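Enquirer: Model the following, please.
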Amino acid sequence: MMFLGCVIDDISINPLKHFWVVDAAEATKKSDSEMLKDVMRWAESHGAFFNPKVETRPIVGDLSGIFAKEPMKEGEIVSKIPWDIIVKPPPGEGRGLCAAISAALEVLRKDPDEQTPYDKYLSSRPIRFHPMFWSTKGHELLHELIGDLPPDEDDFSPQRFLDHFGCEDFDFEDDTVHKALMLVMTRSEGHRMDCLVPFNDLINHKNGHSYTAEPRYEEGEYFAIVTRRDVEAGEEIRNSYNQCEFCLDFSNCPSFELIFVTPHLFDHYGFVEPYPQRWIIPSRRLLFDVMEVDGNDGILNATFAIPPSSLGVQFLHDDIARLKLFAERLISEKPNIPDIEYNTLLEYHQSILRAYELAYEQSKLEVLTDEVWYRHRDYWWEEEVQQGANAAITPSSSFVDPFDEEF
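Expert: Predicted coordinates:
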């Protein structure tokens, strides 16, 4: 199972940790913008700092982001949150995902009169946007759509996710447990993935030049967001959820930017990554990037991170045809599923199909190879040369991939 362990960490569903589509049962008396103002005032009263050079702005509908009102220099603090108002496991209760879920459950189960403004904000977040909590029919269509893409089918099961991390003490049928899991999955910070930090879930994801800020923290003291380059007035403050500088301490773990890519971001956060994207199809030994061409808005190209094989190119050709048929049926026979599921399926389909089409066209300019490649920590290396289609799925005898995905 893939998961994010980084501190920093168009129908268009933006890549926001705070993305919400509020069901009637999840609606709150206050608007989201009012709740956010309450959270910031409350946080400031407890010693939090929010740079006056930034402001929240709406993006699409109820979605918001953080923007620079005036130029900012590299290294400027965007926000700084005291440790004592962060939702986290209490001392002596252990650390990590299971302990974080327990801390989130404590917030969600508080009497409303005892909740802080941040507690109320967290309690108002919906879960239906995340594929893990889709309808049965929505899951069936999603698995049909992704085909050979990661993640595995069971990765969308709350019980399997909790079992994977040893969180067997939770009631898998409890909706409050589901919401706590969603909060931790989509909003947690820290290298143990167990801190819910006020304001931080407004910092949206985008790689490339748009990656403008990253977290800095001192455990027990504060959690800050700091600019990583000069930021122009009007730019959105964004970080990266997979090109982080602080990741889980796996001594043999490859870079997250190689193994936690566009499909895994969708699995973990429930959004379709904006460009640039990185696509990985392990069983077909395909790894390629889709990027916007500099100076040409809306124009995209694909670049292979490892040389494509004849097997991989044939897969792209065949899956493009499959995806087109899937879309025709999805549109002509609109399924009886919630709109958020239907719209997300359409958006993810469009993204996958466009990526495959670009990669297939680029493959015509590449020298194809049937060499077997394996991931290593920060680079790709050639393990051995084998011939034939089976080379793409033959595991190495000398290198152990911590996520057990070979090319």
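Enquirer: Now do Glu114: how many residues are near it, please.
Expert: Applying other C-beta atoms under 10 Å, we find 7 other residues in the vicinity of Glu114. Placement of C-beta: from N, CA and C, glycine included.
Enquirer: And it, how close does it get to Thr176?
Expert: Glu114 sits 16 Å away from Thr176, taking C-beta to C-beta, to the nearest Å as the criterion.
Enquirer: just Met35 next, same as before
Expert: Look at Met35 and Thr176: by C-beta to C-beta, they are 19 Å apart.
Enquirer: just Glu74 next, same as before
Expert: Using C-beta to C-beta, we find Glu74 at a distance of 42 Å from Thr176.
Enquirer: ok, back up a step: would you mind telling me which of Met35 and Thr176 has the busier surroundings?
Expert: Set side by side, Met35 and Thr176 show unequal neighbour counts under other C-beta under 10 Å, the larger going to Met35 at 17 against 14.
Enquirer: contacting residues around the more buried one?
Expert: Taking C-beta atoms under 8 Å, 6 or more residues apart in numbering as the contact definition, Met35 lies against Thr28, Pro117, Lys120, Tyr121, Ser124.
Enquirer: give me the element the residue most central in space within the chain is part of.
Expert: The centroid of the chain falls nearest to Leu265 when counting by C-alpha atoms, centre = their mean (3.2 Å). Counting by DSSP states H and E, the secondary-structure element that holds Leu265 is helix 262-269.
Enquirer: Following the chain past that helix, name the next helix or strand.
Expert: Tracing the chain past helix 262-269, the next element assigned as helix or strand by DSSP H and E is strand 277-281.
Enquirer: average model confidence for that next one?
Expert: Taken as a whole, strand 277-281 carries a mean pLDDT of 91.
Enquirer: Once you drop chain neighbours, what's closest to Phe172?
Expert: Gln159 (4.4 Å; C-beta to C-beta, 6 or more residues apart in numbering).
Enquirer: Look up how far Asp174 lies from the one you found.
Expert: With distances defined as C-beta to C-beta, the gap from Gln159 to Asp174 amounts to 11 Å.
Enquirer: Ok, Ser123 next?
Expert: Taking C-beta to C-beta as the measure, Ser123 falls 15 Å from Asp174.
Enquirer: quick one, which of these two is more surrounded?
Expert: The residue with more neighbours, out of Ser123 and Asp174 and counting by other C-beta under 10 Å, is Ser123; that gives 19 against 12.
Enquirer: ok, the more buried one touching Gln115?
Expert: Yes. With contacts counted by C-beta atoms under 8 Å, Ser123 reaches Gln115, the gap being 6.8 Å.
Enquirer: Please enumerate the shared neighbours of these two.
Expert: Both Ser123 and Gln115 are contacted by Val107, under the criterion C-beta under 8 Å, 6+ apart.
Enquirer: would Pro215 count as being in a helix?
Expert: No. Per DSSP: H, G, I helix; E, B strand; the rest coil, Pro215 lies outside any helix segment and is strand.
Enquirer: my read: it touches Ile225, true?
Expert: Yes. With contacts counted by C-beta under 8 Å, Pro215 reaches Ile225, the gap being 5.8 Å.
Enquirer: Buried residues of stretch 351-366, list them for me.
Expert: By neighbour count on 16 or more other C-beta atoms under 10 Å, the buried set for stretch 351-366 is Ser351, Ile352, Leu353, Arg354, Ala355, Tyr356, Glu357, Leu358, Ala359, Tyr360, Gln362, Ser363.
Enquirer: can you list the residues you listed in TSV and add secondary structure, pLDDT and distance to Leu300?
Expert: TSV is the format used below for those (DSSP: H, G, I helix; E, B strand; the rest coil; pLDDT from 0 to 100; distance: C-beta to C-beta, whole Å):
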residue	secondary structure	pLDDT	distance to Leu300
Ser351	helix	97	11
Ile352	helix	97	13
Leu353	helix	98	12
Arg354	helix	98	7
Ala355	helix	98	9
Tyr356	helix	98	12
Glu357	helix	98	10
Leu358	helix	98	6
Ala359	helix	98	11
Tyr360	helix	98	13
Gln362	helix	98	11
Ser363	helix	97	15
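Enquirer: Now tabulate those residues in JSON lines and tack on distance to Gly234.
Expert: Formatted as JSON lines, the entries for these read as follows, by distance: C-beta to C-beta, whole Å:
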{"residue": "Ser351", "distance to Gly234": "26"}
{"residue": "Ile352", "distance to Gly234": "32"}
{"residue": "Leu353", "distance to Gly234": "32"}
{"residue": "Arg354", "distance to Gly234": "28"}
{"residue": "Ala355", "distance to Gly234": "29"}
{"residue": "Tyr356", "distance to Gly234": "34"}
{"residue": "Glu357", "distance to Gly234": "33"}
{"residue": "Leu358", "distance to Gly234": "29"}
{"residue": "Ala359", "distance to Gly234": "33"}
{"residue": "Tyr360", "distance to Gly234": "37"}
{"residue": "Gln362", "distance to Gly234": "33"}
{"residue": "Ser363", "distance to Gly234": "38"}
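Enquirer: before we move on, what SS does Arg183 have?
Expert: Residue 183: Leu, not Arg. Local secondary structure at Leu183 is given as helix here, using three-state DSSP.
Enquirer: what residues are up against it?
Expert: When the contact criterion is C-beta under 8 Å, 6+ apart, the partners of Leu183 are Ala104, Leu122, Arg125, Leu196.
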